[in-house]
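[1] Provided below for reference: sequence and predicted model.
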Amino acid sequence: MDSFSVESYISAAAIGPVDRATTQTVQVKKQARVKQQLEKFSLDQTKLCELEQLQATWESISSTSNKEMVHMDAISNSNELVIDGQIQWILVETNGFELSEDKTEIRCLKAGWYILSLAVFLTPKTANATVELQVNGTSIRRDRATLANHPSSISCVRSSYLKAGAVLKVVVPSSQDVGAALTAAKIMG
């Protein structure tokens with residue numbers, strides 16, 4: 001062998017093991033980078049899925065918020081009390097309720113969960129007189145005016161599921177003066 005070839009062989013033999021170690025180190029580093037990139041890709045994919053879910057939720061909320069709020073505001077005054085203790089109502093504003101012919105019943109036109117708020121101002125003739133908020137003739141909320149012949153106020157708030165066609169009615173005791181306000185607002189359904 002000529003001297004050039006022997007030197008090349010010796011250099012190659014001496015560098016060879018270093019190259020293998022270097023090659024293994026480079027391969028390990030490449031594998032680590034690939035693993036990091038795969039993890040980053042997985043995180044990016046997870047974020048993309050979360051963004052898609054967020055967008056779907058936003059679109060759902062947007063389509064719901066375009067719907068008109070179903071509500072009702074009704075009032076009565078002391079001259080509107082009928083003989084059997086049922087309040088006659090005047091609908092101030094509504095888009096989902098209607099009055100009966102005698103104006104003592106308010107019919108729900110759209111089913112759903114509602115917040116019902118009732119305030120009654122009265123001067124009862126007897127102590128512990130009961131005011132009732134009824135749905136379809138069944139009391140769902142009641143309160144008492146404790147003093148006779150003294151102005152009192154009673155308020156009731158309740159959430160309740162009303163079916164389409166459900167009838168709201170307020171029954172009060174015999175009283176000298178009665179005024180009332182009833183509000184209903186659909187919250188879902």
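    Here it is on my side, so go on. Please read these numbers as outputs of a predicted model, since none were measured by experiment. Residues are numbered from 1 along each chain as shown.

[2] give me the domain ranges for this protein.
    1-67, 71-188 (automatic domain parsing).

[3] reformat these as JSON lines; add mean neighbour count and mean pLDDT.
    (C-beta placed from N, C-alpha, C; glycine too.) Shown next, in JSON lines, are the domains of the chain (neighbours: other Cβ atoms under 10 Å; pLDDT from 0 to 100):
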{"stretch": "domain 1-67", "mean neighbour count": "10", "mean pLDDT": "69"}
{"stretch": "domain 71-188", "mean neighbour count": "17", "mean pLDDT": "88"}
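
[4] where along this protein do the strands fall?
    71-76, 90-94, 97-99, 106-108, 112-124, 129-135, 138-145, 152-162, 167-171, 175-188 (DSSP state E).

[5] residue 139 bridge partners, please.
    residue 134 (DSSP bridges).

[6] ok, residue 107 touching residue 167?
    Yes: the pair residue 107 / residue 167 is scored as a contact, 5.5 Å apart, by Cβ atoms under 8 Å.

[7] shared neighbours, those two?
    Here residue 107 and residue 167 have residue 100 as joint contacts, going by Cβ atoms under 8 Å, 6 or more residues apart in numbering.
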